[in-house]
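>>> model this:
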Amino acid sequence: MNILQINSSARAEGSHSTQLANTLVQRLLETTSGAEVKVRDLGRNPHPILDETALQALFTPADQRNAEQQARVALDDALIAEIQAANVVVLGAPMYNFGISAQLKNWIDAISRAQVTFRYTANGPEGLLTGKKVYVVLTRGGLYRNTPNDTQMPYLKTFFGFLGMTDVEFVYAEGLAMGPDAEKASLASAYQQMNDLLPA
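Numbering: from 1, shown residues only. The predicted model follows:
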């Protein structure tokens, strides 16, 4: 089994989402013989934004790209290859201003490529990244689960489903900025959610 861990916090140290994702991956390793892990840390190694230069490179036929365009497309190709090879995806996703981090949005833009990870058919869009299990660890300073202000969960569920990844589980750690007692209880709840999701 190939596990792809995506860390999307802007913090290099002290990130709850990264710590919880690390724990989830470690538990998967303990219960799965021969599993291998690839870690993509988008905070330490941010991916470039999808700007006009990138779009021009992507929409230029491969055999007509100049060296700069080839290099830019190759950056996206590397991320696509990682998720294509993964059987399991573990994503750590902190909430920033009611949404996902810019680092994570850049990753989403990079791996969303028509005819490669999805395609449009006469019956509508079809995701091409099928047969994968996805775990998303959501960390928040306040309490947003099951409220209209939780834009992360619906967005990420829609995004992964669009690319063919429909088996998605969410782990929540909320109230992390509401004092030491709330933080402790939130982390304990997240660990219990992992215990409920993963095989013993």
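>>> can you pull out the strands in the chain?
2-7, 36-41, 88-94, 118-121, 124-127, 133-139, 167-173 (DSSP state E).
>>> show me where the protein has helices.
All helices of the chain, identified by DSSP state H, fall at 16-31, 52-59, 67-85, 102-111, 152-162, 180-197.
>>> Contacts for the longest one next, please.
If I follow you right, that is helix 67-85. Residues from elsewhere that reach helix 67-85 (C-beta atoms under 8 Å, 6 or more residues apart in numbering): 2, 4, 38, 40, 47-48, 53-54, 56-58, 60, 62, 65, 89, 107, 110-111, 113, 116-117, 129, 132. Backbone N, C-alpha and C define where each C-beta goes, glycine included.
>>> between it and strand 133-139, how big is the angle?
Our comparison of helix 67-85 with strand 133-139, counting by axes from the mean of the first three to the mean of the last three C-alpha atoms, to 10 degrees, yields an angle of 100 degrees.
>>> could I get helix 67-85 in PDB with only the CA atoms?
The C-alpha trace of helix 67-85 is given here as PDB (Å, rounded to 0.1, in the frame of the first residue of the first chain):
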ATOM      1  CA  ALA A  67      12.200  25.000 -21.600                       C
ATOM      2  CA  GLU A  68      10.500  27.200 -19.100                       C
ATOM      3  CA  GLN A  69       7.100  25.900 -19.900                       C
ATOM      4  CA  GLN A  70       8.300  22.300 -19.700                       C
ATOM      5  CA  ALA A  71       9.800  22.900 -16.300                       C
ATOM      6  CA  ARG A  72       6.500  24.500 -15.000                       C
ATOM      7  CA  VAL A  73       4.400  21.600 -16.200                       C
ATOM      8  CA  ALA A  74       6.800  19.100 -14.800                       C
ATOM      9  CA  LEU A  75       6.100  20.600 -11.300                       C
ATOM     10  CA  ASP A  76       2.400  19.700 -11.700                       C
ATOM     11  CA  ASP A  77       3.300  16.400 -13.200                       C
ATOM     12  CA  ALA A  78       5.200  15.400 -10.100                       C
ATOM     13  CA  LEU A  79       2.200  16.000  -7.900                       C
ATOM     14  CA  ILE A  80      -0.100  14.100 -10.200                       C
ATOM     15  CA  ALA A  81       2.200  11.100 -10.300                       C
ATOM     16  CA  GLU A  82       2.300  11.000  -6.500                       C
ATOM     17  CA  ILE A  83      -1.500  10.900  -6.100                       C
ATOM     18  CA  GLN A  84      -1.900   8.400  -9.000                       C
ATOM     19  CA  ALA A  85       0.500   6.100  -7.200                       C
END
